[in-house]
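Peer 1: sequence? don't have it. structure:
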C-alpha cells in the first residue's frame with residue numbers, strides 16, 4: 001500500500017496540471033486574445049486561417065508508423081504573421097474538430113486545448129521579446145521553432161503521462177527520438193509559408209500547398225511500399241520457421257531416442273541468449289541455430305546413428321563429421337548464412353579440444369558457445385538406449401565442472417542459474433514435450 005501511495009503521489013502534480021492548470025490556461029489565453037480577433041483588419045486572416053485549419057485537419061501525411069498533419073505549421077505561421085490571436089483561434093478550431101471526430105472526453109479536450117494554447121502564448125510572448133532586439137529574422141525564427149517544438153513536446157508528454165500513469169520523461173524521450181525530424185520539418189514549412197506571405201501576399205501559399213501535396217503523395221507511396229515489404233518479410237519469416245521446424249522433425253526422426261532434441265536445444269539456447277541480454281535479432285538466430293544445429297546427421301548412416309551399443313573409434317569419427325556435413329548442406333543451399341557458425345562449431349570446446357576445427361576461447365562463435373551448453377545439457381538429461389538420462393542437478397554439476405574448459409565460463413554460470421530457477425515439474429514437462437515453444 002505504501003508503494004502504491006508513492007506512485008499515486010508521483011502523478012498527483014501532473015493530474016493537477018492537466019485537470020486544472022491546462023484548462024484554466026486555455027480559458028485565460030483565449031479570452032485575452034478575443035479583443036484582437038474582433039478587430040475588422042483581422043477578419044480576412046481569420047477567414048483564411050479558418051480554411052487552412054479545416055483543410056489541414058483532414059489532410060494527413062501517412063507515413064509507415066504515424067500520421068502527420070500541418071496544423072502546427074499553420075499555428076506557427078499565424079504567430080509569426082499576426083501574433084497569438086490568429087494562432088489561438090486556429091488551435092481552438094482544430095481541437096473542436098479533433099474532439100468531434102474522435103469523441104474525445106471533455107477533460108482531454110480542455111487539456112489538449114490548454115497545452116496547445118499555452119505553447120502558442122509562450123512562443124508569441126518570446127517573439128515580442130526578441131523583436132525588441134535587432135536580431136536577424138532567420139535566427140529569431142529558428143529560436144521560435146525550437147521553443148515551440150520543446151514546449152509542445154513536454155506539455156503533450158505531461159498530458160499523456162497523466163492519463164496513462166507513466167513517466168512523462170519517458171514519453172518526452174520517445175517523442176523527441178521518433179518525431180523530432182518530422183516535427184521540425186513541419187515547423188520549417190510553416191515558417192517558410194509565413195515569410196513568403198509576408199513578402200508576396202496570400203497567393204504565396206499556393207506553392208506551399210503544392211509542396212504539401214507532393215510531400216503527402218511521396219510519403220503515402222513510401223508508406224505503402226514499406227507496408228507491403230513488411231508483409232512480405234513476415235510471410236518469409238513464417239515460411240522460414242515452418243521450413244526449419246520441418247527440418248528439425250526430419251533430423252530427429254532419424255533417431256527415435258532423440259525425438260525433440262533439436263527443439264529442446266533451441267529452447268534452452270534461446271532462454272540463455274535472452275538471459276545474457278543479447279538483442280532480439282541475435283536471440284532469434286540462436287534459436288534457429290538450435291533448430292538446425294544437427295542437420296548434418298542426415299548424412300550419417302542409420303546403422304551408426306541408431307546403434308544401441310558403444311561406437312567404435314571409426315564410427316565415432318564419422319559421427320564427428322556431422323557438423324561439417326551440415327555446414328556444407330546449408331552453405332551449398334545458399335540459405336541461412338547467419339546460422340553456419342552454429343551448425344559447424346557447436347561441438348567446439350573452450351580449451352581447443354573440440355571438433356571439427358579445434359577452435360578455442362573467443363575463436364568459437366558466440367552462437368556456437370551458447371548452443372554447446374544447451375546441446376550438452378539436453379544430451380545429458382535425455383534417455384538413450386544405452387543409458388538413463390541424468391538428473392538435472394547432476395547435469396548442471398557437470399556443466400559447472402566443464403566451465404572454462406569445455407564451456408564458456410560466463411555462459412555456463414548463466415545457464416546453471418537459469419535452469420536452477422525452474423521448478424522440477426516444469427523441467428520434467430519441458431523434457432517430455434519435445435517442442436517447448438509454448439513455454440517461452
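Peer 2: Nice, I can see it. Fair warning: this is a prediction, and the values are worked out from it, not measured in the lab. Numbers count the residues shown, from 1 in each chain.
Peer 1: domain assignment for the chain?
Peer 2: Recorded structural domains for the chain (assignment: automatic domain parsing) are 2-229, 254-439.
Peer 1: for stretch 289-307, which residues meet the burial criterion?
Peer 2: In terms of neighbour count (16 or more other Cβ atoms under 10 Å), stretch 289-307 has its buried residues at 289-297, 300, 305, 307. Using the backbone N, CA and C atoms, a C-beta is placed for each residue, glycine as well.
Peer 1: give me the distance between it and the centre of its chain.
Peer 2: With Cα atoms, centre = their mean, to the nearest Å as the basis, stretch 289-307 stands 37 Å off its chain's centre.
Peer 1: on that earlier part again, looking at the buried residues of stretch 289-307, spot the one nearest residue 116.
Peer 2: Among the buried residues of stretch 289-307, residue 289 lies closest to residue 116 (Cβ to Cβ), at 51.5 Å.
Peer 1: quick check, central residue of the chain?
Peer 2: The geometric centre of the chain, computed from its C-alpha atoms, lies nearest to residue 280 (Cα atoms, centre = their mean), at 10.0 Å.
Peer 1: so what's that one up against?
Peer 2: Not one residue lies near residue 280 by Cβ atoms under 8 Å, 6 or more residues apart in numbering.
Peer 1: count of residues packed around the residue lying closest to residue 33 once chain neighbours are set aside?
Peer 2: For residue 33, ignoring the flanking residues on the chain, the nearest one in space by Cβ to Cβ, 6 or more residues apart in numbering is residue 85 at 4.1 Å. Using other Cβ atoms under 10 Å, residue 85 is surrounded by 24 other residues.
Peer 1: which strand or helix spans residue 85?
Peer 2: Element membership for residue 85, per DSSP states H and E: helix 84-102.
Peer 1: now stretch 155-171, how far from the chain's geometric center?
Peer 2: Put simply, stretch 155-171 sits 19 Å off its chain's centre (Cα atoms, centre = their mean).
Peer 1: same question, stretch 84-93
Peer 2: Chain-centre distance of stretch 84-93: 36 Å, with Cα atoms, centre = their mean.
Peer 1: show residues contacting it.
Peer 2: For stretch 84-93, the external contacting residues (Cβ under 8 Å, 6+ apart) are 29-30, 33, 36-37, 42, 45-46, 49-50, 52-54, 71, 74-76, 78-79, 113, 116-117, 120-121, 124-125.
Peer 1: likewise stretch 94-103?
Peer 2: Stretch 94-103 is contacted by residues 53-54, 56-57, 71, 75, 104, 109, 112-113, 116 when judged by Cβ under 8 Å, 6+ apart.
Peer 1: for residue 389, which three-state class applies?
Peer 2: coil (DSSP: H, G, I helix; E, B strand; the rest coil).
Peer 1: phi, psi for it please.
Peer 2: Here is the backbone geometry of residue 389 (degrees, to the nearest 10): phi -60, psi 150.
Peer 1: enumerate every residue touching it.
Peer 2: 380-383, 431 are the contacts of residue 389 under Cβ under 8 Å, 6+ apart.
Peer 1: ok, it to residue 264 distance?
Peer 2: As defined by Cβ to Cβ, to the nearest Å, residue 389 lies at a distance of 12 Å from residue 264.
Peer 1: overlap of the contact sets of these two?
Peer 2: With Cβ under 8 Å, 6+ apart as the test, residue 389 and residue 264 both reach 382, 431.
Peer 1: from what I can see residue 22 touches residue 109, true?
Peer 2: No - counting by Cβ atoms under 8 Å, residue 22 sits too far from residue 109 to count as a contact (10.5 Å).
Peer 1: thinking again about what came up before, show me how far the helix holding residue 85 is from its chain's centre.
Peer 2: Using Cα atoms, centre = their mean, the distance between the centre of helix 84-102 and that of its chain works out at 32 Å.
Peer 1: and stretch 174-187, by the same measure?
Peer 2: 17 Å.
Peer 1: pull out the buried positions in that stretch.
Peer 2: Buried residues in stretch 174-187 (16+ other Cβ under 10 Å): 175, 179, 183, 186-187.
Peer 1: now, which of these sits nearest residue 129?
Peer 2: Nearest to residue 129 among these, counting by Cβ to Cβ, is residue 187 at 19.2 Å.
Peer 1: need the per-residue pLDDT for residue 49.
Peer 2: As predicted, residue 49 sits at a pLDDT of 86.
Peer 1: would you confirm that it belongs to a strand?
Peer 2: No - using three-state DSSP, the assignment for residue 49 is helix, not a strand.
Peer 1: that one contacts residue 73, correct?
Peer 2: No - using Cβ under 8 Å as the test, residue 49 is too far from residue 73 to be in contact (11.7 Å).
Peer 1: looking at residue 22 and residue 109, which one has more neighbours?
Peer 2: Ranked by neighbour count (other Cβ under 10 Å), residue 22 and residue 109 place residue 22 first, with 24 against 18.
Peer 1: which residue ranges form the strands in the protein?
Peer 2: Secondary structure of the chain (DSSP state E): strands located at 61-62, 67-68.
Peer 1: just the contacts of stretch 84-93: which are in helices?
Peer 2: 29-30, 33, 36-37, 45-46, 49-50, 52-54, 71, 74-76, 78-79, 113, 116-117, 120-121, 124-125 (DSSP state H).
Peer 1: list the contacts for residue 380?
Peer 2: Residue 380 makes contact with 389-390, 394-395, 398 under the criterion Cβ under 8 Å, 6+ apart.
Peer 1: redo that, cut-off 6 Å
Peer 2: Residue 380 sits next to 390, 395 when contact means Cβ atoms under 6 Å, 6 or more residues apart in numbering.
Peer 1: one more: residue 140?
Peer 2: Per Cβ under 6 Å, 6+ apart, neighbours of residue 140: residue 130.
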